[in-house]
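Asks: got a sequence here, can you build the structure:
(one chain, ligands or ions: 1)
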Amino acid sequence: MSDFAELHFNGEVYKIPIIEGTENEKALDISKLRGESGLITIDPGYKNTGSTKSAITFLDGEKGILRYRGYPIEQLAEQSSFLEVAYLIIYGELPNEEQLNKWRVDITYHTLIHEDFKVLLEGFPSNSHPMGVLSSLVTSLTAFYPESLDPVRSADEVYMNIIRLIAKLPTIAAWAYKNEIGQPLMYPKNDLDYCGNFLKMMFGTPSEDYEPDPVIIKALNKLLILHAEHEQNCSTSTVRIVGSSHASLYASVSAGINALWGPLHGGANQAVIEMLEAIRADGGDANKYLEKAKDKNDPFRLMGFGHRVYKNFDPRARIIKKAADDVLSKLGVNDPILDIAKKLEAAALSDPYFVDRKLYPNVDFYSGIIYRALGIPTNMFTVMFAMGRLPGWIAQWKEMRENGEPIGRPRQIYTGENERDYVELSKR
Ligand code: ACO
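Replies: Down below sits the predicted model:
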């Protein structure tokens, strides 16, 4: 294979180096192209642009492959725990027993959040969307831990910032929910594991003991693993670009939470359930909504279908679909919107519009259904996604800083007015 490609432009020939990844994927390195030829490349939505080299996740959208640090997602979802996977993603190797124990103990020890967070929470109207509260409170961590503002001073400080964020996010998330529904805040219980603790803070009350169901804990653990990392998606690229200005880890992750919120990204899991409920309220005719999704004059999109990189199937969706079936039968859930979901899924998978465009159910189609079966309120779905994605954001931020990457700053092709003279107000 040649190690460069040639670009012929205006009678000149430019050699563009080819770089190759460990899975033989190839890219043109155009970083010097503008200096040599005056040309930039343009690619709205970065559909075909690699923004970085990364050793964290390998994803092949055509073959439906997803691996964290080389380990297939199927094996991790089946055999691992979320905290173990978080360690793997952030530090590159599966932890040994001693490392895993220390990791678990350190995270468990830091789950409490400062009492002054209550004052911040009280400032939010009770119907605030928990994603907005989550991102605001994650940024507020910088005020409580000012040393985090200069995050790469020492490896110990980076470690502590990471531990605090992973430990406190479930507490912040559960408190955001309690604040929304007007119930007393529940403190973390250090004898519970990561998922059990979160569920207890969400559903427990001081007057009624709540013991998380092992079926729900297991399902939640799997969901968090499936969401833990997904290379350069919208929210992760946001974390990297904010962090590239040397903003702190907390500020960068807070930005990632906001990017995740939109319905075309992580917010799709909430949008899926809202869509299914709307179809049900409208008589339950799935075909009517399929037609709407196909109609180019109608802005409606089938939420939970399609993906920027998966064009055959989303491997996470396969695992989650099976987990959803297990959970629904074990918990004996009989939810009328499931029938509508199944009809939509079957119809979309055989309809030429969806087949031709390779629009398959994505991870959010099933995660919304499973979160609902677990009793998680709809507006907390994207918060659950954020809790899962946290190790990925942290790992990408850390890798970007350790590799000394430059500040993210794309270029553009200007399409506005050419130079013109200012016109006085009275003459306009
Ligand atoms: N319903 C109907 N048509 C769709 C859908 C959909 N959900 N998704 C894509 N299409 C159509 C587009 O209209 C377009 O058709 P055209 O070629 O005739 O113009 C074609 O499929 C390609 O779609 P794009 O928007 O160009 O694909 P892109 O890669 O930019 O978008 C996205 C991917 C945002 C996920 C899109 O499929 C979508 O909006 N899906 C619904 C929202 C969703 O489920 N998001 C969650 C994604 S998973 C995640 O972020 C964790």
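
Asks: buried set for the longest strand along the chain?
Replies: The strand that spans the most residues within the chain, counting by DSSP state E, is strand 12-20. Of the residues in strand 12-20, those scored as buried under the neighbour-count criterion (16 or more other Cβ atoms under 10 Å) are 14, 16. C-betas here are computed from N, CA, C, even on glycine.

Asks: OK, contacts around the residue nearest to residue 106 when sequence neighbours are not counted?
Replies: Among residues not flanking residue 106 along the chain, residue 163 sits closest, at 4.9 Å (Cβ to Cβ, 6 or more residues apart in numbering). Contacts were defined as Cβ atoms under 8 Å, 6 or more residues apart in numbering; by that measure residue 163 touches 106-107, 110.

Asks: tell me the mean pLDDT over the helix or strand that contains residue 163?
Replies: Applying DSSP states H and E as the criterion places residue 163 in helix 155-181. Helix 155-181 comes out with an average pLDDT of 94.

Asks: contact partners for residue 336?
Replies: The neighbours of residue 336, taking Cβ under 8 Å, 6+ apart as the test, are residue 280.

Asks: what's the burial count for the closest residue to residue 60 other than its chain neighbours?
Replies: In this structure, residue 60 finds its nearest non-sequential neighbour in residue 23, 7.4 Å apart by Cβ to Cβ, 6+ apart. Neighbourhood size, residue 23 [other Cβ atoms under 10 Å]: 11.

Asks: and residue 325, by the same measure?
Replies: A count of nearby residues for residue 325, using other Cβ under 10 Å, gives 13.

Asks: secondary structure element holding it?
Replies: Element membership for residue 325 (DSSP H and E) is helix 315-330.

Asks: next one: that helix to chain centre, how far?
Replies: For helix 315-330, the distance between its averaged C-alpha position and the chain's averaged C-alpha position is 19 Å (Cα atoms, centre = their mean, to the nearest Å).

Asks: in it, what counts as buried?
Replies: Judged by neighbour count using 16+ other Cβ under 10 Å, the buried positions of helix 315-330 are 315-321, 323-324, 327-328.

Asks: so can I have CSV of these showing distance to the ligand?
Replies: As requested, these are exported to CSV (distance: Cβ to the nearest ligand atom, whole Å):
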residue, distance to the ligand
315, 13
316, 9
317, 9
318, 14
319, 14
320, 11
321, 14
323, 16
324, 16
327, 20
328, 21
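
Asks: ok, of those residues, which one's closest to residue 370?
Replies: Comparing the buried residues of helix 315-330 against residue 370 with Cβ to Cβ picks out residue 324 as the nearest, at 4.4 Å.

Asks: the closest one and residue 366 touch, don't they?
Replies: Yes - contact status for residue 324 versus residue 366: in contact at 5.0 Å, counting by Cβ atoms under 8 Å.

Asks: contact partners for whichever residue of the stretch 51-200 of the chain sits closest to the ligand?
Replies: As assessed by Cβ to the nearest ligand atom, the ligand sits closest to residue 61 within the stretch 51-200 of the chain, at 10.2 Å. Contacts for residue 61 were tallied using Cβ under 8 Å, 6+ apart; they are 307, 309-312.

Asks: so what's residue 303 up against?
Replies: Residues near residue 303 by Cβ under 8 Å, 6+ apart: 263, 268, 271-272, 274-275, 364-365.

Asks: give me the buried subset of those.
Replies: Buried residues within the contacts of residue 303, defined by neighbour count using 16+ other Cβ under 10 Å: 263, 268, 271-272, 275, 364-365.

Asks: between these, which sits nearest the ligand?
Replies: Where the buried ones among the contacts of residue 303 are concerned, and distances follow Cβ to the nearest ligand atom, the ligand has its nearest neighbour in residue 268, at 3.5 Å.

Asks: circling back: neighbouring strands - and their directions - for the longest strand of the chain?
Replies: strand 4-9 (antiparallel), strand 26-28 (antiparallel) (DSSP bridges).

Asks: between the ones you listed, which one is closest to the ligand.
Replies: Between the ligand and the strands paired with strand 12-20, the tightest spacing by Cβ to the nearest ligand atom is seen for strand 26-28, at 19.1 Å.

Asks: how far away from the center of its chain is the closest one?
Replies: In terms of Cα atoms, centre = their mean, the centre of strand 26-28 is found 26 Å from the chain centre.

Asks: list the neighbours of that strand that are in contact with it.
Replies: Counting by Cβ under 8 Å, 6+ apart, residues outside strand 26-28 touching it are 5, 16-21, 50.

Asks: nearest to residue 133, of those?
Replies: Of all the contacts of strand 26-28, the one sitting nearest residue 133 is residue 50; the distance, using Cβ to Cβ, is 34.4 Å.

Asks: from the ligand, how far out is the closest one?
Replies: As defined by Cβ to the nearest ligand atom, to the nearest Å, residue 50 lies at a distance of 16 Å from the ligand.

Asks: ok, residue 372 next?
Replies: Computed with Cβ to the nearest ligand atom, the distance linking residue 372 and the ligand is 16 Å.
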